[in-house]
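Q: got a predicted structure here, sequence first:
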Amino acid sequence: MKTLFVSYRVTDLDRSLGFYTALGYAELGRVESDDGARLVILKFPDEPAASLELVHPPGDGPVDVGSGFDHLAIQVETLATTLE
């Protein structure tokens, strides 16, 4: 099993993006939905794939500090074996 990426909800996408790029993360891509929600996919230079996703859902209001964790994506060899 390996971690694919972690997703965080953020109040200010541009500010958060500035913070993570200052740490060395590079932007891989962006997605914007019809309702105005945006997400940015980032990776750290030495990692083989994306490792961080910043999600800004404007309709949800500000994200409280400590409550921004959205989801964790993992990869397994076979789902059935992992679930046993």
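A: Looks like it came in fine.

Q: drop to CA atoms for contacts and neighbour counts, all remaining ones
A: Will do.

Q: packing partners for the helix or strand hosting residue 4?
A: Per DSSP states H and E, residue 4 falls inside strand 2-9. Here strand 2-9 touches strand 52-56, strand 69-75, going by 3 or more Cα pairs under 8 Å, 6 or more residues apart in numbering; DSSP states H and E.

Q: where among those is average confidence lowest?
A: When those are ranked by mean pLDDT, strand 69-75 comes last with a mean of 64.

Q: so residue 8 bridges to which residues?
A: With DSSP bridges as the criterion, residue 8 is bridged to residue 54, residue 69.

Q: how much space separates it from residue 56?
A: Distance from residue 8 to residue 56, counting by Cα to Cα, to the nearest Å: 9 Å.

Q: higher neighbour count, the two?
A: For residue 8 versus residue 56, neighbours defined as other Cα atoms under 10 Å are more numerous around residue 56 (24 against 17).

Q: and the angle for the longest helix seen in the chain with strand 2-9?
A: Taking DSSP state H as the criterion, the chain has its longest helix at helix 13-22. Here the directions of helix 13-22 and strand 2-9 differ by 140 degrees (axes from the mean of the first three to the mean of the last three Cα atoms, to 10 degrees).

Q: for helix 13-22, the averaged confidence score.
A: Helix 13-22 comes out at a mean pLDDT of 90.

Q: distance from the chain centre to the helix or strand just after that helix, please.
A: On the C-terminal side of helix 13-22, the closest following helix or strand by DSSP H and E is strand 26-32. The chain centre lies 10 Å from the centre of strand 26-32; the measure is Cα atoms, centre = their mean, to the nearest Å.

Q: one more: stretch 49-58?
A: Relative to its chain's centre, stretch 49-58 lies at 3 Å (Cα atoms, centre = their mean).

Q: list the buried ones in that stretch?
A: Using 16 or more other Cα atoms under 10 Å as the test for burial, stretch 49-58 gives 50, 51, 52, 53, 54, 55, 56, 57, 58.

Q: pull the contacting residues for the third one.
A: Spelled out, that is residue 52. Counting by Cα atoms under 8 Å, 6 or more residues apart in numbering, residue 52 makes contact with 5, 6, 7, 8, 41, 42, 43.

Q: try 10 Å this time
A: Neighbouring residues of residue 52 by Cα atoms under 10 Å, 6 or more residues apart in numbering: 4-8, 20, 25-27, 40-44, 72.
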